[in-house]
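**Q** Dropping the sequence and predicted coords here.
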Amino acid sequence: MDQAGRLAKLGLTDAEQAEFFQVSERCFHGWKKAHPDFLQALTDGKTVADARVADSLYRSAVGEHLVAEVREVREDPDGTTTTRTVSKAAPSVAAGIFWLKNRRPKDWRDKVEVQQETNLHVFPPAAELEALHQAAMARAAERARMLVGRRERLGCIDLEHREQDAD
């Protein structure tokens, strides 16, 4: 468990740890389910690694001062002398954008989400459909009567034949 926690602190993924322990990823995930202490060690290690990256990202985004200690070895009989130097790092635009996109996604994200409500009930209720159907049928019957009357007036329909068909 200690080894897995240390590897997680170094940023290794589950797949990389499974390879390190020479087991399949499935087996590694089985260990996490079967051993709560193992899972906790991994979680704690990943939390430490994530916090270090977040801190580093923040420092890079704001261009924080970097302090470096340099030791010079002199030929003096005293030994070494420690000199402190301070250098300023320019802020990283990419780190700043990344930070803002994750901290304030509503204000800084690239993708704009549009919400649209869609009515999935595109058909009217059954009673309304029935009324529409009856009205359409009445219009069709009226149109049919009008066309038959027009054909009769033009002599296109044999009235005797029509009366026999009606019987």
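**A** Looks like it arrived, so ask away. For clarity, every value in this text was computed on a predicted model and none was experimentally measured.
**Q** elements contacting the top helix by length along the chain?
**A** When the chain is parsed with DSSP state H, its longest helix is helix 126-154. Judged by 3 or more C-beta pairs under 8 Å, 6 or more residues apart in numbering; DSSP states H and E, helix 126-154 is in contact with no other helix or strand. Using the backbone N, CA and C atoms, a C-beta is placed for each residue, glycine as well.
**Q** Could you give the separation of that helix from the chain centroid?
**A** 54 Å (C-alpha atoms, centre = their mean, to the nearest Å).
**Q** ok, now stretch 115-122?
**A** Its chain's C-alpha centre and that of stretch 115-122 lie 22 Å apart, by C-alpha atoms, centre = their mean.
**Q** Tell me where the model's unsure across the chain.
**A** Scanning the chain for pLDDT under 70 picks out 65-89, 121, 157-167.
**Q** quick one, helices of it?
**A** 2-9, 14-20, 25-34, 36-62, 93-103, 105-108, 126-154, 159-166.
**Q** ok and the fourth one relative to helix 2-9, angle-wise?
**A** In this case it means helix 36-62. Inter-element angle recorded for helix 36-62 and helix 2-9: 20 degrees (by axes from the mean of the first three to the mean of the last three C-alpha atoms, to 10 degrees).
**Q** For helix 36-62, buried residues please.
**A** By 16 or more other C-beta atoms under 10 Å, the buried positions in helix 36-62 come out as 38-39, 41-42, 45-46, 48-49, 57, 59-61.
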